[in-house]
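>>> let me see the structure of the following:
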Amino acid sequence: MATSFSRFLSGFTLLCSLSLTPAMAASEAQGGVIHFRGMIVEDPCVITSQHQKFDLTCPHNGRMQTQTINYRDALNGHQSPSSAVEVSMKYLDQQKKLAVVLVNYR
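Alright, predicted model coming up:
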């Protein structure tokens, strides 16, 4: 009986030591590396439609700047002077009453 108790005690001790080893190893961690990915972005441009032209108001150097773009320039692909925004436009119908304006931020 002493032999079975001693085996039980040895097994119990081994089981306890195996279960505590990961916890002790985790508490001894000294450091690591964290990687951050992303971009610093500004507010988007605001587009206000007018007759045959639209105003594009965008943040530039901490200030909001407005430029007027006519439809013909937008159809040909207009690049803003700051090179931060490119504007293009496509008509959806042959009567040229519906269009999509695409603003590409760089």
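>>> which parts of this structure are helices?
For the chain, applying DSSP state H gives helices covering 2-27, 71-76.
>>> which of these has the lowest mean pLDDT?
Mean pLDDT per stretch puts helix 2-27 lowest among the helices of the chain, at a mean of 54.
>>> nearest residue to residue 102 in space, please, no chain neighbours.
For residue 102, the nearest residue in space outside its immediate sequence neighbours is residue 88; the separation is 4.9 Å by Cβ to Cβ, 6 or more residues apart in numbering. Every C-beta, even on glycine, is put in place using the N, C-alpha and C of the backbone.
>>> contact partners for that neighbour?
Residue 88 makes contact with 74-75, 77-78, 101-102, 104 under the criterion Cβ atoms under 8 Å, 6 or more residues apart in numbering.
>>> closest to residue 59 among those?
Distances from residue 59 to those, taken as Cβ to Cβ, are shortest for residue 104 (15.7 Å).
>>> pretty sure the closest one contacts residue 84?
No: Residue 104 sits out of contact with residue 84 when judged by Cβ atoms under 8 Å, with a separation of 9.8 Å.
>>> out of the contacts of residue 88, which is nearest to residue 46?
Checking the contacts of residue 88 against residue 46 by Cβ to Cβ gives residue 101 as the nearest, at 12.0 Å.
>>> what count of nearby residues applies to that closest one?
Burial of residue 101 is recorded as 15 neighbouring residues (other Cβ atoms under 10 Å).
>>> ditto for residue 96
The burial count for residue 96: 10, using other Cβ under 10 Å.
>>> residue 85 now?
That count, for residue 85 with other Cβ under 10 Å as the rule, works out to 19.
>>> now residue 75
Every residue meeting other Cβ under 10 Å relative to residue 75 is counted, giving 15.
>>> skipping adjacent residues, who's closest to it in space?
Leaving aside its chain neighbours, residue 75 sits nearest to residue 89 (5.3 Å; criterion: Cβ to Cβ, 6+ apart).
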